[in-house]
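Trainee: Here is my input; please provide its structure:
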Amino acid sequence: MLPGKLRLRTLLILLSVGGVILTACLLLGSLLIFQKGNIEDSLLESNIAYARKLADTTDRYLSTAQRELAWSAGQIKGLNDPGHLRDETDRLRLQSGFFNTVVVVNRDAVIAATSPESLSLIGIKLHSDASRQAITTQKPFISSPFTSATGNYVIFLSQPLFTPDGSYLGYIGGTIYLKKQSMLSDILSLHFYARGFSVTVVSNDGLIIFSHDPARVGSRMALNSALQKRLATTDSGRFSTEVDGQKFLTGYASLHNTDWNIFIAGTSETVRDILVRTAKNALWFLLGIIVLTVALVILVAGRIAYPLEKLAGMVRNEGSEASFDSVPAWYYEADSLKEAVKYHRHAVAARMAALSDEAMSDPLTGLCNRRGFTLLADRNRDDATQCVIAIDIDHFKKINDWYGHEAGDAVLVSLAGLLRQNCRAGDVVSRFGGEEFIVLQPRTSVEDAARTAERIRELVSSTTFPYVGVMTVSAGVAALADSAGDRDTMLRRADEALYHAKSAGRNAVIVAGPGSVWRREEQGS
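Mentor: Okay, here's the model as predicted:
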């Protein structure tokens, strides 16, 4: 593998896993974007529902407290029995626990009895707006928040007292602390979202009746006119506000007994916490999917890459045809590539064979050239009984000069055909160049080679060739055994014998014997 190049299976794994991770990130991002609005809507609806529940509970609490006061008012027929008044105020405070303090006040706004007595309020005249309003209206009454004679910030519930004949005596009333612990604060403090949420009781004009932060009780909340109108005309709803750059999601419900409203507000921090938890849960799920996907992709990528890797290895190592057939090309592209490689191998093999033939063949005669002769002769290097015949056309230059090169080429082609037909199948017939031909005869004695050369000479002299008619050839014969076992020496000695044949008048066969012995093959021998 080339350095710096990615493997196919690695690339497939990277692409697949990258695609899965990118898709997972996009899905997670989309989930968080859309889920944020859903969470906000869900929290607001939950806040509204819980505000309604708290408003209903508070209404029931105030109604029950009023009924308790009414029952106690029915037990008081006069204000002349301090013991009876003390017992009734203690019973009312301790039995129900609705009130932090209970007082009986005559029509002159003077306290006639109180529970607990430790407050030492008997005989004190009250000047609060709540007391005046209770005496003036002579009806059941729930006051707005005010600071009581004991210095506590409270609301006051009262019930008028009448004699059996209907004369107004005063009122019995109970106070509920707003900044200290009371049953009302216990009810309002319970909320299923403890962290990041708050419960606030606010009047229609923005006065804070109750808050988890006692310091805010008695202060005013900035409410725009549109929100004040909604609070005065609707039983419940929701709105969003921004304070110091922080978004508050508020659901509200109105009480029926007073002009109070229960506000349940959560901050954007709560939404973010829920989103983070959702993202963590989704992330673990996505990680599981990614792990499974990676395992599957590794398996599939290996199966996809394996046929290609095996094909590449076989091409590199020049595998056999059978080995290519064993490649499990189970998908279309791998099968197409395998077939293409096989076709290419066949084409290359055919082309190489053609090129090899061209490289080893004489283009004019089709016989072996020098290279082809050498290659085929090497196959017989272990044969010590081989001989060679060197053949040359007599006066070939005159043929070219008198009849032209076309005639000369025709003579060469005809002679090549004659040699091919009259030599054995195992003989190597070649053209060494020009008009010279070489015939290598394996497993042949020098006598048999000489007879073959003589037969060829006679056949040529009796054959009519194109353009020239009759012509002759000269031949030289040499044996490997007489050439010290060296092929080059044998070729050289055959050439020397051919030279002697030319010198002896041509149209002759000369045999090279051991040493410098030259013997002419007699005609007809």
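
Trainee: Quick check: which ranges of the stretch 301-450 of the chain have low pLDDT?
Mentor: 318-324, 349, 352-358 (pLDDT under 70).

Trainee: Tell me who's in contact with Thr114.
Mentor: Thr114 makes contact with 89, 101-104, 121-122 under the criterion CB atoms under 8 Å, 6 or more residues apart in numbering. (C-beta placed from N, C-alpha, C; glycine too.)

Trainee: Likewise for Asp56?
Mentor: By CB under 8 Å, 6+ apart, the residues touching Asp56 are Ala253.

Trainee: host element of it?
Mentor: Per DSSP states H and E: Asp56 is located in helix 8-75.

Trainee: Show me how far that helix is from its chain's centre.
Mentor: Its chain's C-alpha centre and that of helix 8-75 lie 33 Å apart, by CA atoms, centre = their mean, to the nearest Å.

Trainee: Same question for stretch 328-337.
Mentor: So, by CA atoms, centre = their mean, the centroid of stretch 328-337 is 25 Å from its chain's centroid.

Trainee: what pLDDT does Leu275 get?
Mentor: Here, the pLDDT recorded for Leu275 equals 71.

Trainee: do Ile172 as well
Mentor: 94.

Trainee: packing partners for whichever helix or strand comes after the helix holding Asp56?
Mentor: Note on helix 8-75: by DSSP H and E, the next helix or strand toward the C-terminus is helix 82-96. Contact partners of helix 82-96 among helices and strands, from 3 or more CB pairs under 8 Å, 6 or more residues apart in numbering; DSSP states H and E: helix 8-75, strand 101-106, strand 111-115, strand 168-177.

Trainee: Strand 111-115 and helix 82-96, what's the angle between them?
Mentor: When axes from the mean of the first three to the mean of the last three CA atoms, to 10 degrees is applied, the directions of helix 82-96 and strand 111-115 differ by 40 degrees.

Trainee: Just the buried positions in helix 82-96, please.
Mentor: By 16 or more other CB atoms under 10 Å, the buried positions in helix 82-96 come out as 85-86, 88-90, 92-93, 96.

Trainee: could I get these as TSV with distance to Arg451?
Mentor: Compiled in TSV, these are given as follows (distance: CB to CB, whole Å):
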residue	distance to Arg451
Leu85	166
Arg86	164
Glu88	161
Thr89	159
Asp90	158
Leu92	155
Arg93	153
Ser96	149
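
Trainee: Tyr153: which of those residues is nearest?
Mentor: Closest approach between the buried residues of helix 82-96 and Tyr153, by CB to CB: Arg93, at 18.6 Å.

Trainee: quick one: average confidence on the helix holding Asp56?
Mentor: What helix 8-75 shows for mean pLDDT is 83.

Trainee: same question, stretch 252-271
Mentor: Stretch 252-271 comes out at a mean pLDDT of 80.

Trainee: CA atoms only for that stretch - export them in PDB, please.
Mentor: C-alpha atoms of stretch 252-271 as PDB (Å, rounded to 0.1, in the frame of the first residue of the first chain):
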ATOM      1  CA  TYR A 252     -51.200  32.100  37.500                       C
ATOM      2  CA  ALA A 253     -54.700  31.400  38.900                       C
ATOM      3  CA  SER A 254     -57.000  33.800  40.700                       C
ATOM      4  CA  LEU A 255     -58.700  33.300  44.000                       C
ATOM      5  CA  HIS A 256     -62.500  33.800  44.300                       C
ATOM      6  CA  ASN A 257     -62.700  35.000  47.900                       C
ATOM      7  CA  THR A 258     -60.200  37.800  47.400                       C
ATOM      8  CA  ASP A 259     -58.500  39.800  44.700                       C
ATOM      9  CA  TRP A 260     -55.400  37.600  45.100                       C
ATOM     10  CA  ASN A 261     -53.600  35.700  42.400                       C
ATOM     11  CA  ILE A 262     -51.300  32.700  42.800                       C
ATOM     12  CA  PHE A 263     -48.100  33.100  40.700                       C
ATOM     13  CA  ILE A 264     -45.900  30.100  40.100                       C
ATOM     14  CA  ALA A 265     -42.800  31.100  38.200                       C
ATOM     15  CA  GLY A 266     -39.900  29.100  36.900                       C
ATOM     16  CA  THR A 267     -36.700  30.500  35.400                       C
ATOM     17  CA  SER A 268     -35.000  29.600  32.100                       C
ATOM     18  CA  GLU A 269     -32.400  27.900  34.300                       C
ATOM     19  CA  THR A 270     -35.000  25.200  35.000                       C
ATOM     20  CA  VAL A 271     -35.700  24.700  31.300                       C
END
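
Trainee: Return the distance of that stretch from the chain's centre.
Mentor: So, by CA atoms, centre = their mean, the centroid of stretch 252-271 is 47 Å from its chain's centroid.

Trainee: for stretch 219-230, same thing?
Mentor: Chain-centre distance of stretch 219-230: 53 Å, with CA atoms, centre = their mean.
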